[in-house]
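Participant: 3D, please:
(2 chains)
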There are 2 protein chains.
Amino acid sequence: MRLIIPTLFTTLFTLGCVVAARAEMHTQAIEYQDGNTVLEGYLAYDDSIIKGKRPGVLIVHQWMGLTDYEKKRAEMLAKLGYNVFAVDIYGKGVRPKDTKEAGALAGKYKSDRDLLRRRVAAGLEVLQKQELTDTKRVAAIGYCFGGTTVLELARSGADIAGVVSFHGGLDSPKPEDGKNIKCKVLAMQGADDPFVTAKDMAAFEEELRKAKVDWQLVKFGGAVHGFTQWDAGNDNSKGVAYNEEADKRSWEDMKQFFAEIFQ
Amino acid sequence: MRLIIPTLFTTLFTLGCVVAARAEMHTQAIEYQDGNTVLEGYLAYDDSIIKGKRPGVLIVHQWMGLTDYEKKRAEMLAKLGYNVFAVDIYGKGVRPKDTKEAGALAGKYKSDRDLLRRRVAAGLEVLQKQELTDTKRVAAIGYCFGGTTVLELARSGADIAGVVSFHGGLDSPKPEDGKNIKCKVLAMQGADDPFVTAKDMAAFEEELRKAKVDWQLVKFGGAVHGFTQWDAGNDNSKGVAYNEEADKRSWEDMKQFFAEIFQ
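Facilitator: Numbering: from 1, shown residues only, chains lettered A, B, ... in the order given. Purely as a prediction, here's the structure:
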C-alpha cells in the first residue's frame, strides 16, 4: 500500500495538471445586425468548467458601451460555467469618448425604448443561437444603462428565466408593460445612489407589484451609483464610486439567483 | 491494484458510516436569569458537522415566545456548523395563549427598549459563555418581534459580528442610538408587509445611513409579514402568510451574510 498509494496519487495529480493545462477560456467577437446596423458583441465560455450545453447569460453594458469591463465580467461568468454574450447596443465601433457623449448616447436609447428593446433582443438572439446555450436556461444582467436595458428586455416579454440589474435606472415610461414580464427580476441598488430617486424606486416596486412579478430588490447601505465599477474611485460625494463590499455581495446575490433560476 | 483499491474504498466507506452513525444533534434547555426573572432558552449544536469551537448564533423568537419554530431553526443552524442559542425574552413558561396576549407581551417589551435590551443581552451572555462558542464570531437573528430585538441588540452597541432581521419591525424610539451599532446589519422584509410601513423603512435607512453602519436591506416582492413562518398559511390578504420563495431566499441570504462575517 505504501508504494501503491503515492503512485496512484502521483498519476492522478499528473493527469489533473494535464487537464488544467488544456483548460481554455474561449472568447471571440461576434458581428451581428439589427436591421442595417452592424453590432459587435463578445462571446465567452470555458470548456474546462463544463462540457456541452450550459445556461446562457447576456450582459448589457453601461453608458460607455461595450468595454473591457463587460468583457472581464463575461469571462468571470464563463468561469462559473455559463455561455456568455456581452451585447453591443450602440453599434460596432460606436463608443462615446467621454461621459458627455455617453450621456447623449444612453439618453437616445432610454428615450426610445422600442429601439432599445430591439437592440437587446438582437443580442439575445445571438446568444440563444449558440450551440452551447441551453435555451431553456437563459438570463440577462446589466450595469447602469445595461440594468435599465435588461429590465426593458423583461418588460418586452422576453422568454428568459431572469434578469439582474446592477445599479440600473428603474424608471419606465410605460409602467403598464410590467404585465408582460414573464421572468424573475433581481434589482440591486446603492442606497445612496443619487441617480435613482426614491420616487423611481417606489414606482418600480408598484409596477412589479401590480403585475404580480416575482421580484427582489436589494439595497446596499453606503453605496452610490456604479458600485461595481472597479475604476470608479472611492469618493461617494461624486455620486459614482466603487464599493468593494457591495460589489462582492451583489455578485454573490447574482450567483444565488442563478442557482435558483437555472435549477 | 484491482484488488487493493476496492478494499481501500470499502474500508473508507465503512469508516464513514461509523462516523455518520455517531453523528448527534445535541439540544438542551438552559435556565438563566435576568435579575430575578428566570428565563429558559434552547441550545443546539451538532458535533458531526464540526468539532470544537465554532461561530455562535443567537435566535430571538417572534411574538408567541420561544416555540418549536425557533427550536427547529436552531437545529437547522446547528447543522450548518454553528453553536446556537434560542433565547427566551418573556420568561420561563411565560407563553401567550393567543395573538391578543402575544400582542400585549411583545408590546410591553417594544415599549420598554431598555428591558428588551437587557433580556436579549442576558441570552447573548449565555451563548458567549458556552465552551463551543468562538466568541469572536457571533451573530444574532430574529423573526418578527425577534427581528426588532436583534436590531435593538445592535443599537445597544453589542460587540458581535452581525444581526439578521427577518420581517422585523424596524422602528426605533431612539434613532440616535444607531451611532452605537458596531456590527453589520441585514434586514429582510416582505415588500407587501402591512406592519412595516414605508415611513418606518425610510426612517430605519436614515438611522443607519447617518450612523454609517454597514447595512443591507432586501425586499421580497409578493411577500407579506411572517413570510418565513411555515404555519402561517398562504393568504396574503391576512397580512401574515408563509412564502416559500422568500423563506428559502432569505435563508440563503443569511447563509451568505454569515459566510462573510464569519470569515
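
Participant: surely A:Arg95 meets A:Gln62?
Facilitator: No - at 11.8 Å, A:Arg95 does not count as touching A:Gln62 under the criterion of C-beta atoms under 8 Å. For glycine as for every other residue, the C-beta is placed from the backbone atoms N, C-alpha and C.

Participant: and these two? which has more neighbours close in?
Facilitator: Set side by side, A:Arg95 and A:Gln62 give different neighbour counts by other C-beta atoms under 10 Å in any protein chain shown, the larger being at A:Gln62 (25 against 16).

Participant: Report how many residues lie close to A:Tyr42.
Facilitator: A:Tyr42 is surrounded by 22 other residues when neighbours are defined as other C-beta under 10 Å.

Participant: now swap in A:Gly56 and tell me
Facilitator: 28.

Participant: Please identify which helix or strand holds A:Thr149.
Facilitator: For A:Thr149, the element it lies in under DSSP states H and E is helix A:145-155.

Participant: Which strand or helix spans A:Gln189?
Facilitator: Under the assignment here (DSSP H and E), A:Gln189 is part of strand A:184-190.

Participant: Could you list every helix and strand that whichever helix or strand comes after that strand packs against?
Facilitator: Read in the C-terminal direction, the helix or strand following strand A:184-190 is helix A:198-210, with elements assigned using DSSP H and E. With contacts taken as 3 or more C-beta pairs under 8 Å, 6 or more residues apart in numbering or on different chains; DSSP states H and E, helix A:198-210 sits against strand A:184-190, strand A:215-220.

Participant: re earlier: what's the angle between the helix holding A:Thr149 and strand A:215-220?
Facilitator: Relative orientation of helix A:145-155 versus strand A:215-220 (axes from the mean of the first three to the mean of the last three C-alpha atoms, to 10 degrees): 160 degrees.

Participant: then helix A:145-155 to PDB, C-alphas only?
Facilitator: Extracted C-alpha coordinates of helix A:145-155, given in PDB (Å, rounded to 0.1, in the frame of the first residue of the first chain):
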ATOM      1  CA  PHE A 145     -27.600  51.700 -18.500                       C
ATOM      2  CA  GLY A 146     -27.400  48.000 -19.000                       C
ATOM      3  CA  GLY A 147     -29.500  47.400 -15.900                       C
ATOM      4  CA  THR A 148     -32.200  49.600 -17.400                       C
ATOM      5  CA  THR A 149     -31.900  47.600 -20.600                       C
ATOM      6  CA  VAL A 150     -32.300  44.200 -19.100                       C
ATOM      7  CA  LEU A 151     -35.400  45.500 -17.200                       C
ATOM      8  CA  GLU A 152     -36.700  46.700 -20.600                       C
ATOM      9  CA  LEU A 153     -35.900  43.300 -22.000                       C
ATOM     10  CA  ALA A 154     -38.100  41.800 -19.300                       C
ATOM     11  CA  ARG A 155     -40.900  44.300 -20.000                       C
END
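
Participant: helices or strands next to it in the packing?
Facilitator: Packed next to helix A:145-155, using 3+ C-beta pairs under 8 Å, 6+ apart, are strand A:54-60, helix A:99-110, helix A:113-129, strand A:133-143, strand A:162-166, strand A:184-190.

Participant: Mind listing residues that contact stretch A:171-178?
Facilitator: Judged by C-beta atoms under 8 Å, 6 or more residues apart in numbering or on different chains, the contacts made with stretch A:171-178 from elsewhere in the structure are A:113, A:148, A:151-152, A:155-156, A:200, A:203-204, A:206-208, A:210-211, A:213.
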